[in-house]
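Asks: turn this into a model:
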Amino acid sequence: MPSLPPLAIKYPRQMKLQRIYPVTVKWAEQEGFRTGGIRQVTLRLLMAGGQVLPGEQTLDAQADAQVTFYVTPLGVGWLREQRLEVLIRGRKVQEIPLSSKVTCHAWTKFFLLMVFVGPWLLGLMYAAGSGLISKVTTENIPEIAALDKISMQEKWQAAKIWAGDTYGTLWAKLWSANEEDPNLWGFVAVVAFLGLALLSAWWHRDVRRTKVSEKIPIPESDDDD
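Replies: Below you'll find the predicted structure:
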């Protein structure tokens, strides 16, 4: 069966919400280009969860021909039913599956915020001492009247004691070995959250991929029948 050269689709593999991204389609083979008597093909880009403009374009059967679609993601997550359809003489001759994910920088912003908030919270923990949670659970958390069974009341009391003991153990591990330099963990928190923010920014960065299709088959015309 006669065929056209394969297509090269350069598309965003990872995108951000509400930004505009180009999707370019061109012929993958430039040398020895053969059209098989076809002057142009119709391309239709489909992405559920993203706005595609224009939805359909015509690609000339020329070695240097290229078309560009523009995609605006409308939601976070993997786009569904994403594919490029190739039509010749009104017949769909090939579907090229694509895969794109829409992300955001929510975690990056959270870690950047914790760069400043984390040391402040650790400072409050150090100043309050190891008995903070025990004091809060004893003075500020009332008994639950609905727990009329003795066994439930005992479990509630045990939960408050466990929370206080766990916090006290954590406090002792953090500061008992660093009594001379109580701000050490604040510095560690800054470095840790800053590292996490940089890692999150890299992980959620924009990524582009190029996919090459198989050769485009040319269907027989009605006149040949």
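Asks: wait, Phe80 sits on Ala48?
Replies: You called it Phe, but residue 80 is Arg. Yes - the pair Arg80 / Ala48 is scored as a contact, 3.9 Å apart, by CB atoms under 8 Å. Where C-beta positions appear, they are placed from N, C-alpha and C, glycine not excepted.
Asks: which parts of the protein are strands?
Replies: 3-4, 7-16, 21-27, 40-48, 50-53, 56-60, 66-73, 77-78, 80-88, 91-97, 101-103, 207-212, 216-217 (DSSP state E).
Asks: partner strands of the fifth one and their direction?
Replies: The partner list of strand 50-53 in its sheet, established with DSSP bridges, is strand 66-73 (antiparallel).
Asks: what's the neighbour count on the residue lying closest to Gly77 once chain neighbours are set aside?
Replies: Leaving aside its chain neighbours, Gly77 sits nearest to Val102 (6.1 Å; criterion: CB to CB, 6 or more residues apart in numbering). Residues within reach of Val102, counting by other CB atoms under 10 Å, total 21.
Asks: relative to Gly164, how far out is Val102?
Replies: Note on Val102: its distance to Gly164, by CB to CB, to the nearest Å, is 43 Å.
Asks: how about His105?
Replies: 37 Å.
Asks: neighbour count winner among these two?
Replies: Of the pair His105 and Gly164, Gly164 is the one with more neighbours under other CB under 10 Å, namely 19 against 16.
Asks: that one contacts Ala158, doesn't it?
Replies: No - if you go by CB under 8 Å, Gly164 and Ala158 don't touch, sitting 10.9 Å apart.
Asks: and Gln94, how close does it get to Ala28?
Replies: Gln94 is 13 Å from Ala28, by CB to CB.
Asks: list the residues that contact both of these two?
Replies: Among the neighbours of Gln94, those also in contact with Ala28 (CB atoms under 8 Å, 6 or more residues apart in numbering) are Ser213.
Asks: remind me which residues of this structure are low pLDDT?
Replies: Along the chain, the parts satisfying pLDDT under 70 run over 1, 30, 32, 36, 130, 132-153, 156, 174-183, 221-225.
Asks: which one's the longest helix in it?
Replies: helix 150-175 (DSSP state H).
Asks: specify the beta-bridge partners of the residue nearest the centre of the chain.
Replies: In the chain, the residue lying closest to the centroid (CA atoms, centre = their mean) is Thr103, at 3.1 Å. According to DSSP bridges, the residues that bridge with Thr103 are Lys16.
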